[in-house]
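Q: coords below, sequence missing:
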């Protein structure tokens, strides 16, 4: 029986050889790919010992690395954040087991491993200088950001988000998500257990402080979407502010659709002008406009502002500012009942606050939507510029004349008799649109305001949503938008 | 019969080398973690050295003709394990100079004592033939013990342990020894029957398989039922694979008929496939194996996180490793037991793992050589069975860590922290050394050469 023993011993060797080959394959040939896998959490922890570059807003550090090395021990840096939860939605956090926000997207520049820093790194090795990461300068305006954040804090207990854009360039001036969190609580490298515990608690917090509502949460935009519907009516049906549309007190769309104020009326049941419909936010006329424009056209108009008709389209054209932005949807809808409701920002239409800010900014910038961005420039530690973002056009959403008409109509909203008077700033013309989005039969409404100021020379465009506010856009969202705009125009 | 060569001095040199590697490993870990050579290099290193030296001296007296490579190879593996366990403990304690290796040295000593008790008292392993069905019963009882309420302990979702006072024991480690003994004596008795060809199946002129007679199928069916039962009831894929594979290997050695292997594999694969279709926990295992790098699988409770972290560690190790203590092996769960080979892969690199696998291969082949050289069917089956179990268990562990097969969570012989595994491994070495000593000992010399009956000294 020696033959089978010999064969078995060859087989045993074969098993070990398979292991040897596989180990060599994994550690020799696959090592690079495994190290670069997103599931490799070590790439964050291993760089705790490197001086990471700061993130700055208006020349001040909002995130920086503090040297906490002990005498004779390897270097150690603790990441520190400024402003509590003020900047966290954009800046993010750099934790032992992961990162978010700019800390994540600009990681290679901040830690100095980016190829664009290779020459400098090489020089540092030669000259024996301690290598340092690059500085990332954000476009945020501290005044706008604070105004929005504090206004939400003053609301007390309500969740929501606000985005402010520079309509000329697409630079993000403010991105507020409430509630937020203090990144310092989750990044300690001396008390990692507390950091992990805090993070886990936040993950399980029903108010979702880790969620960046400004970029990554979709809401029904409600009546703020009427700006898009009006744009479509003007672009596709050559409507003017004076064009009228049937505005019955109740429109039957499967279920009855009432006007803005249930039981109220737009023009006594008579056909209403586009301008007046915007001013008082008439539901039935806009539902009819949408049906007249057609689902395909309405979806195309929305896409020109940055919406997507389908998931496939969204995946093919992702928006990264460089934080990844959750796509907003306005699918082409042929069913009259659904299409009518889409025209007033309900049913299948869903938008992020950033998307609605892009709508406001597009109208403000003569119909030209600029691609939003949050990184102004990246500088090496010796302050030489590595990258500088130049504004880019996202699309021409509407013609300049349509934009002008839309601006005029939206200006009526904040004036006497309009639906958004709380956004008015004395001495400044403010264009805007309120929104109160239904969220379900027994659940409170989302309250919106989008707008820009000054209407004749726009410097800031905003979108504000108060989640489940249960009030009106004018009551809850417009004051927040006003305070953010005031930070720039006054 | 092999020539009666002792080569005990060669063994001594190799053992000194194994001790040196162990001490160097601890020193390297201390330097990487703390900047200087730790006292443990002397305390742990020399304790291990003393145990090794004692084993060597004992060998000179109780088994002078035994294979000179088996002891150094096992001590090398045991020593690397000790060094790695010290390095992992050193990160966990406040003061590195207070780091120890837990009970590992105690278990090494206990294992060596078991090993030598067997060498001394088991003069001829063939006496074990008498206990065919008892050892079979012992194997089954040991496998089932963890399922006994009150006795069994569930640790991290697997019911593999039993608690006896302050100790926990993993009876499946000992079950495999009982099973090898059972199979060796059972197959020795039944091999002729099992060799009978029932019906050759041919396609054209080519013989595909020799089907055994239906009535001879009973043993393989029982083995198969046990294996699938282990998989389904105890959710222990590792032991299931190990036991059934060993069963097939020994069946093949006993009968020299590949048709048994084919039938066994077909049975096991189809049984495992049905279990996969029916049982959620088997599906989860397979999913982790195939889609380890999928975000969802990774973040699931009991998902592929541990497996991926082991692979990431190995990826950081690369060809030459980070050096003991310089990696982050301590961050992986079970780094000192089920994942010790991943830890070693990270800190010693491909080079280190290949060295370990080569030593293991050497050990396995020495065991196979003993099987060839020994006399008697029982000894041959026992030695080849033990040697195969070693290789196969390493394959199941490291194959699981490197995604050749699903991860099962088994111990690595001689290296993983834990008493049961270490004791069981040393017991198997005791049997192997005894068979080896008997096989290589010179033929008995006649001390009186008169008359019809010779008096000989054994």
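A: Looks like it arrived, so ask away. Because the structure is predicted, anything quoted here is derived from the model rather than measured.
Q: tell me the SS of residue A:251?
A: Applying DSSP: H, G, I helix; E, B strand; the rest coil to residue A:251 yields a three-state assignment of strand.
Q: pLDDT score for it?
A: pLDDT, residue A:251: 85.
Q: quick one: contacts for it?
A: A:257, A:283, A:284, A:287, A:288, A:340 (Cβ atoms under 8 Å, 6 or more residues apart in numbering or on different chains). C-beta: built from backbone N, CA, C; applies to glycine.
Q: Swap in 10 Å and give it another go.
A: Residue A:251 is in contact with A:257-259, A:283-288, A:291, A:337, A:340-341, counting by Cβ atoms under 10 Å, 6 or more residues apart in numbering or on different chains.
Q: element containing the residue lying closest to it once chain neighbours are set aside?
A: In space, and not counting its chain neighbours, residue A:251 is closest to residue A:284: 4.2 Å by Cβ to Cβ, 6 or more residues apart in numbering or on different chains. According to DSSP states H and E, residue A:284 maps onto helix A:283-293.
Q: now residue B:160
A: strand B:158-164.
Q: Can you name every helix or strand that the next helix-or-strand element following that strand contacts?
A: Downstream of strand B:158-164, the first helix or strand assigned by DSSP H and E is strand B:167-169. If contacts are counted by 3 or more Cβ pairs under 10 Å, 6 or more residues apart in numbering or on different chains; DSSP states H and E, strand B:167-169 sits against strand B:152-155, strand B:158-164, helix B:419-440.
Q: how about the contacts of residue A:251 in CSV, adding neighbour count?
A: Listed next are these as CSV, based on neighbours: other Cβ atoms under 10 Å in any protein chain shown:
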residue, neighbour count
A:257, 19
A:258, 15
A:259, 22
A:283, 29
A:284, 28
A:285, 31
A:286, 31
A:287, 28
A:288, 23
A:291, 20
A:337, 17
A:340, 25
A:341, 26
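Q: Wait, residue B:285 touches residue B:292, no?
A: No: judged on Cβ atoms under 10 Å, residue B:285 makes no contact with residue B:292 at a distance of 11.2 Å.
Q: what do the two both touch?
A: Contacts common to residue B:285 and residue B:292, judged by Cβ under 10 Å, 6+ apart, are residue B:407.
Q: Return the residues in contact with residue 118.
A: In the absence of a named chain, this looks at chain A. Residue A:118 makes contact with residue A:112, according to Cβ under 10 Å, 6+ apart.
Q: my question was about chain B
A: Residues in contact with residue B:118 (Cβ under 10 Å, 6+ apart) are B:125, B:426, B:427, B:428, B:429, B:430, B:431, B:432, B:433, B:434.
Q: I'd like the distance between the first one and residue B:434.
A: Distance check for residue B:125 against residue B:434: by Cβ to Cβ, to the nearest Å, it reads 6 Å.
Q: shaky segments in the stretch 201-350 of chain A?
A: For the stretch 201-350 of chain A, the stretches flagged by pLDDT under 70 are A:260-263.
Q: Show me where it has its strands.
A: Assigned by DSSP state E, counting those that start in this stretch, the strands in the stretch 201-350 of chain A fall at A:244-245, A:250-253, A:255-258, A:272-273, A:319-320, A:324-325.
Q: Quick one: neighbours of the residue nearest to residue B:47 when sequence neighbours are not counted, just the number.
A: The shortest distance from residue B:47 to any non-neighbouring residue, by Cβ to Cβ, 6+ apart, is to residue B:105 (5.5 Å). As a burial measure, residue B:105 scores 20 neighbours (other Cβ atoms under 10 Å in any protein chain shown).
Q: tell me the phi and psi of residue B:105?
A: Backbone torsions of residue B:105, given as degrees, to the nearest 10, read phi -70, psi -40.
Q: Spatially central, which residue of chain A would that be?
A: With the centre of chain A defined as its mean C-alpha position, the nearest residue by Cα atoms, centre = their mean is residue A:215, 2.1 Å away.
Q: mind listing what that residue touches?
A: A:89-90, A:101, A:161, A:163, A:172, A:175, A:177, A:319-321, A:323-326, A:352-355, A:372, A:374.
Q: If you count neighbours, what's buried in stretch B:259-274?
A: Of the residues in stretch B:259-274, B:259, B:260, B:263, B:264, B:267, B:268, B:271, B:272 count as buried by neighbour count, 16 or more other Cβ atoms under 10 Å in any protein chain shown.
Q: distance of the fourth one from chain A?
A: Meaning residue B:264. Distance, residue B:264 to chain A, using Cβ to the nearest Cβ, to the nearest Å: 14 Å.
Q: which strands and helices sit next to the host helix or strand of that residue?
A: Per DSSP H and E, residue B:264 falls inside helix B:258-278. For helix B:258-278, the elements it packs on are helix A:2-24, strand B:197-203, strand B:206-212, helix B:218-233, helix B:237-255, helix B:280-290, judged by 3+ Cβ pairs under 10 Å, 6+ apart.
Q: quick one: that helix to strand B:197-203, angle?
A: Between helix B:258-278 and strand B:197-203, the angle comes out at 80 degrees (axes from the mean of the first three to the mean of the last three Cα atoms, to 10 degrees).
Q: and helix B:258-278 with helix B:280-290, angle?
A: Using the same axes, to 10 degrees: helix B:258-278 against helix B:280-290 is 110 degrees.
Q: for helix B:258-278, what is the average pLDDT?
A: In this model, helix B:258-278 has a mean pLDDT of 89.
Q: Could you tell me how far it lies from the centre of the chain?
A: Distance of helix B:258-278 from its chain centroid, counting by Cα atoms, centre = their mean, to the nearest Å, is 23 Å.
Q: can you check stretch B:4-14 too?
A: The mean C-alpha position of stretch B:4-14 is separated from the chain mean by 24 Å, Cα atoms, centre = their mean.
Q: So which residues make contact with it?
A: Residues outside stretch B:4-14 that contact it (Cβ under 10 Å, 6+ apart): B:52-53, B:55-57, B:59-60, B:63-73, B:75-76, B:439-443.
Q: which residues touch residue A:11?
A: Applying Cβ under 10 Å, 6+ apart to residue A:11 gives the contacts A:4, B:249, B:252, B:261, B:388, B:391, B:392.
Q: hang on, residue A:65 in a strand?
A: Yes: under three-state DSSP, residue A:65 falls within a strand.
Q: Please flag which of the contacts of stretch B:4-14 sit within helices.
A: For the contacts of stretch B:4-14, the ones inside helices are B:52-53, B:55-57, B:59-60, B:70-73, B:75-76, B:439-440, with DSSP state H as the criterion.
Q: Which member of these is positioned nearest residue B:115?
A: Comparing the ones in helices among the contacts of stretch B:4-14 against residue B:115 with Cβ to Cβ picks out residue B:55 as the nearest, at 7.7 Å.
Q: What is the neighbour count of the nearest residue to the closest one once chain neighbours are set aside?
A: Take residue B:55 and drop its neighbours on the chain: the residue closest to it by Cβ to Cβ, 6+ apart is residue B:112, 5.3 Å away. Neighbours of residue B:112 under the rule other Cβ under 10 Å: 24.
Q: Which secondary structure element is home to residue B:112?
A: Using DSSP H and E, residue B:112 sits within helix B:104-121.
Q: Same check on residue B:364?
A: Counting by DSSP H and E, the element that carries residue B:364 is helix B:340-373.
Q: at contact distance from chain A, anything in the next helix or strand along the chain from that helix?
A: Using DSSP H and E, the helix or strand that follows helix B:340-373 towards the C-terminus is helix B:377-401. Yes: interface with chain A: helix B:377-401 contributes B:377, B:380-381, B:383-385, B:387-392, B:394-399, B:401 (Cβ under 10 Å from any Cβ of the partner chain).
Q: again with stretch B:232-252
A: Yes: applying Cβ under 10 Å from any Cβ, one finds stretch B:232-252 in contact with chain A at B:245, B:249, B:250, B:251, B:252.
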